[in-house]
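Student: Structure here, sequence nowhere to be found:
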């Protein structure tokens, strides 16, 4: 919350008679001494921070999760809110770890919350500890992954480095200084493309006074281990150790930016046998103070204690008599936590938000409520989009679900009308709802609007392809499925849809190529989409390629043991091969899973 400037009341001079003749007024102005206007104290600069730490990921297998990124973020929060770390006001620090570090939350806190709060002379810290990745080694865009990010479509589910750069250079341009601390290339199983992300992050800043500290060089991996403070990334561990005082080489009780950089270069290289090297960039004043060693630090200077959660509004109100405004605000926050965003009527987050706005709120309270609602609404909409991204063979969605998604994104875009991505998603969801209701003309028009609002997003092109496919407008369907694949190279669903179009046209070779391309992506990302193998088996069966069909049905069953259709089709093949006993077992299994096969 911005500090208010202290103001002095003007001294009144009593009632003033009306002056009728301007020469007399001029004479008085010359003869009387000028009234002194009390000087206003300059507004004090503030310090703001967005801190992101993600160890768990909804769309990654557990073996690809990180160990200590969330802990690094929490510890950084603990430090900067202590006097030694410049005593950031807790209400000015936005900490997001794991399930709270959603893609929309990262976008909103960086590009909206901070942008609205900061004033000239303010300082901003951005701390990011998570996976960073690119779609391919040859890709021209890097991404910061949030809890809900999906490698099938990074553009619409992760934070692009390009967007981070735009936020820093334009949305945060009023800030006096920006400090970026990024550890986004941790060693793991994401592959070498992850290490390439550091090629892009330096482009995120070209401000006059910015200090960027990256945990590793391009194509290097950053280490994390329990040997550093009981469990930290090596970069974050020595960053905090240095700020705590070890980097104060001249013992003047202040750690400067140049001291911190020099300390990190040495310590990280030594701790990793020179296999990891930090990288600094930006144009900054070397003597900028980063911490004050003679002031109290966090309660546990070893940086390995239990979590200390950031204060909430409810905690701040403890001991005070809540006003009606406070009661509504608390009810709003609880509705968001419970997921009651659109229903029941009168007691859902949207209705409570509208009621909350009727109170005489100060600017900070209003802006915070706006940002919280955008994050909640858009993140819920993103969950619908994530299910759509998986494909109807994995998570079938109906018109009502898409209509709810349209409402979620629509309300979010009402609050944030300049966000074209939210508008595009709202149009897309409404378009998919119309197509599900067989209202093709209306659906196609809405989907085209979604494309025009966000031409880089793949999801609307795939939606258009589905609408055309259902009307057997094959060429238009092919064009849009290809456009979706071009924008999200690792997205399986449009490739599967394209294979269906080719199969409908008896273009079996091309259908097989698309399915095999989807299977290759599936294997690389560990998605385990059994339906790809099932459909490839059906394609082979239709062509009389029995051994290949049997192989694919068995693979589908291996990935999805409750796949009744694959058991049934495998039974057909085994019966044809005179493997009657095994065929009977497959038929029985299919009937057990789906009584419809018992007839």
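Tutor: Received, thanks. Since the structure is predicted, the reported quantities are computational estimates derived from the model, not experimental observations.
Student: any chance you could map the strands in this structure?
Tutor: 47-53, 93-97, 123-129, 132-134, 142-144, 159-160, 177-183, 210-214, 224-225, 232-233, 254-256, 279-281, 289-292 (DSSP state E).
Student: and residue 507, which of those strands is closest to it?
Tutor: strand 132-134 (32.3 Å; CB to CB). Glycine gets a C-beta too; all of them are placed from N, C-alpha and C.
Student: Sheet partners, orientation included, of that closest one?
Tutor: Paired with strand 132-134 in the same sheet, following DSSP bridges, are strand 142-144 (antiparallel).
Student: For the partner strand, what is the distance to the chain centroid?
Tutor: Taking CA atoms, centre = their mean, to the nearest Å, one finds the center of strand 142-144 at 10 Å from the center of the full chain.
Student: Give me the domain ranges for the chain.
Tutor: When the chain is parsed with automatic domain parsing, its domains come out as 47-300, 324-361.
Student: about what we covered before: out of the strands of the chain, which is closest to residue 587?
Tutor: Nearest to residue 587, of the strands of the chain and by CB to CB, is strand 132-134 at 44.6 Å.
Student: so what pLDDT did residue 170 get?
Tutor: Residue 170 carries a pLDDT value of 88.
Student: and what of the one 4 residues further on?
Tutor: With respect to pLDDT, residue 174 scores 89.
Student: Can you report how many residues neighbour it?
Tutor: 14 (other CB atoms under 10 Å).
Student: Throw the strands of the chain into a markdown table and include distance to residue 107 and mean pLDDT, thanks.
Tutor: Formatted as a markdown table, these follow (distance: least, CB to CB, whole Å; pLDDT from 0 to 100):
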| stretch | distance to residue 107 | mean pLDDT |
| --- | --- | --- |
| strand 47-53 | 11 | 98 |
| strand 93-97 | 11 | 98 |
| strand 123-129 | 13 | 96 |
| strand 132-134 | 16 | 85 |
| strand 142-144 | 10 | 89 |
| strand 159-160 | 6 | 92 |
| strand 177-183 | 16 | 93 |
| strand 210-214 | 20 | 86 |
| strand 224-225 | 26 | 94 |
| strand 232-233 | 24 | 94 |
| strand 254-256 | 32 | 97 |
| strand 279-281 | 23 | 86 |
| strand 289-292 | 27 | 96 |
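Student: Tell me which of those strands sits nearest to residue 354.
Tutor: strand 93-97 (24.2 Å).
Student: mind checking how far the closest one is from the chain centre?
Tutor: 13 Å.
Student: which other residues reach it?
Tutor: By CB atoms under 8 Å, 6 or more residues apart in numbering, the residues outside strand 93-97 that reach it are 48-55, 70, 73-74, 77, 80-81, 102, 105-106, 109, 113-114, 310.
Student: so what strands line up beside that strand?
Tutor: In its sheet, and by DSSP bridges, strand 93-97 pairs with strand 47-53 (parallel).
Student: Point to the residue nearest the middle of this structure.
Tutor: Residue closest to the average C-alpha location in the chain (CA atoms, centre = their mean): residue 103, at 1.4 Å.
Student: could I get the domains of the chain as TSV with distance to residue 397?
Tutor: Listed next are those as TSV, based on distance: least, CB to CB, whole Å:
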stretch	distance to residue 397
domain 47-300	16
domain 324-361	17
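Student: Can you flag the weakest of those domains by average pLDDT?
Tutor: domain 47-300 (a mean of 88).
Student: Tell me how far it lies from the chain's centre.
Tutor: 15 Å.
Student: next one: stretch 404-415
Tutor: Per CA atoms, centre = their mean, the centroid offset for stretch 404-415 relative to its chain is 18 Å.
Student: for stretch 516-528, same thing?
Tutor: 24 Å.
Student: Name the surrounding residues that touch it.
Tutor: 61, 64, 151-152, 490-492, 495-496, 499, 529, 532-533, 536, 559-560.
Student: how about the helices of the stretch 351-500 of the chain, start to end?
Tutor: Using DSSP state H, counting those that start in this stretch, the helices of the stretch 351-500 of the chain run over 363-390, 399-415, 420-436, 440-453, 459-470, 474-487, 493-504.
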